[in-house]
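S.K.: the following block contains a protein sequence and its predicted model.
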Amino acid sequence: MTQAFRIRFVPGVSPDRWLRTWARRRPGADLDAGPVDVADQTRCLREGTADMCFVRLPVDRAGLHVIPLYEEVPVVVVARDHPVVAFDEVDVADLAGEHLLQDADEVPEWRAVADEVRDGTRVPVPAMSLRDAVEVVASGAGVVVVPMSLARLHHRKDVVHRPVTGVAGSRIGLAWREGDDDPRIEEFVGVVRGRTERSSRGAGAPEAGESSATPAGGRQSGSGRQSGRQTGGGRQSGGGRQSGGGPTGGGPRRGGSARRGPRRPGHR
């Protein structure tokens, strides 16, 4: 009996459309798909408990093939009554006066401008899950900066998220073990890339230029595009549309008027 094809994905990744295409092309085939913590995203491959995994880059590529797929928009999550809510997007410098409820090393661009880092008043942030951190954000005690998909995953009615410029986006890739000749891997890479069922193009290794670096801009190859670095993501200006679970891409263009309301949301 053939072992189930095991696909894992980190929080924030929604592979449903690829899995539906896979099921349509292989009706009745045994597929085991499920989430995995970021801490285990490459371990599950190296230990042989998964065949492929959607990973959050960067990862240790030793012994792995990794192809970049897309880049996510970074957002700041704030309490619903925070001044940031009046903005379509903010620059990281606008958050200099905020208290970050995560390790400052996770957002080096914020660390470089933060008032509490510069003046030495920052206190250690206790270890907590992102879900717990968002709950603290809702109380007004601080903010977090995360990829948009994670903000949506942990969305609550008492918090709002806004895109942040000046912060590097988070990249998503697809990884599998080097030397694994399971033909299903080649087929699944084809599904993710949007190749037709009749395509004979192989995928035993990453394509030229993709084995060690994301293409410029991190845009997804093939026809299965996900949200790239688009400004917006559910615009809310005053009484406008609600941020949260809507599709990416509602905000203003970079060349337009990006901000509304007070100039410095971090300085109340």
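M.R.: Yep, it's here.
S.K.: now do stretch 70-86: distance to the chain's middle.
M.R.: 14 Å (C-alpha atoms, centre = their mean, to the nearest Å).
S.K.: mind listing what's buried along it?
M.R.: 70-79, 82-86 (16 or more other C-beta atoms under 10 Å). All C-beta atoms are positioned from the backbone trio N, CA, C, and that covers glycine.
S.K.: check the residues you listed and tell me the two furthest apart.
M.R.: Tyr70 and Pro83 (30.7 Å; C-beta to C-beta).
S.K.: closest one of the buried residues of stretch 70-86 to His154?
M.R.: Val77 (7.9 Å).
S.K.: what about Leu95, neighbour count?
M.R.: 27 (other C-beta atoms under 10 Å).
S.K.: before we move on, what about the one 3 residues further on?
M.R.: Number of residues near Glu98 (other C-beta under 10 Å) recorded here: 23.
S.K.: do you know how far it is from Pro15?
M.R.: 33 Å (C-beta to C-beta, to the nearest Å).
S.K.: for Pro108, same thing?
M.R.: 29 Å.
S.K.: okay, those two: which has more neighbours?
M.R.: More crowded of Pro108 and Pro15, by other C-beta under 10 Å: Pro15, with 20 against 11.
S.K.: and the pLDDT for the nearest residue to that one once chain neighbours are set aside?
M.R.: Excluding its sequence neighbours, the residue lying closest to Pro15 (C-beta to C-beta, 6 or more residues apart in numbering) is Phe9, at 5.2 Å. We have a pLDDT of 98 for Phe9.
S.K.: can you offset everything so residue one is 42?
M.R.: Got it, first residue is 42 now, which makes that one Phe50.
S.K.: residue ranges with poor pLDDT in the stretch 192-309 of the chain?
M.R.: Low-confidence segments of the stretch 192-309 of the chain, defined by pLDDT under 70: 239-309.
S.K.: recalculate using a threshold of 50.
M.R.: Applying pLDDT under 50 to the stretch 192-309 of the chain flags residues 241-305, 308-309.
S.K.: kindly report the same for the stretch 42-191 of the chain.
M.R.: For the stretch 42-191 of the chain, counting by pLDDT under 50, not a single residue falls below.
S.K.: mind listing the helices for it?
M.R.: Ranges of helices within the stretch 42-191 of the chain are 57-66, 84-87, 149-152, 156-159, 171-179, 189-194, based on DSSP state H, counting those that start in this stretch.
S.K.: can you pull the contacts of the residue lying closest to Arg87 once chain neighbours are set aside?
M.R.: In space, Arg87 comes closest to Gly104 once its chain neighbours are excluded; the distance is 6.6 Å by C-beta to C-beta, 6+ apart. Gly104 is in contact with 87, 218-219, counting by C-beta atoms under 8 Å, 6 or more residues apart in numbering.
S.K.: and the residues you listed, which is closest to Thr62?
M.R.: Looking across the contacts of Gly104 and measuring by C-beta to C-beta, the closest to Thr62 is Arg218, at 22.7 Å.
S.K.: what's opposite that closest one in the beta bridge?
M.R.: Judged by DSSP bridges, the bridge partners of Arg218 are Leu105.
S.K.: so who does it touch?
M.R.: 86-87, 89, 92, 104-106.
S.K.: all strands of the protein, in order?
M.R.: 46-50, 72-76, 93-98, 105-113, 115-120, 131-132, 185-188, 200-206, 211-218 (DSSP state E).
S.K.: turn these into CSV, including distance to Val158.
M.R.: Below are the strands of the chain laid out as CSV (distance: least, C-beta to C-beta, whole Å):
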stretch, distance to Val158
strand 46-50, 34
strand 72-76, 33
strand 93-98, 25
strand 105-113, 25
strand 115-120, 16
strand 131-132, 17
strand 185-188, 14
strand 200-206, 17
strand 211-218, 22
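S.K.: closest one to Glu176 among these?
M.R.: strand 200-206 (8.8 Å).
S.K.: for the closest one, packing partners?
M.R.: strand 115-120, strand 131-132, helix 171-179, helix 189-194 (3 or more C-beta pairs under 8 Å, 6 or more residues apart in numbering; DSSP states H and E).
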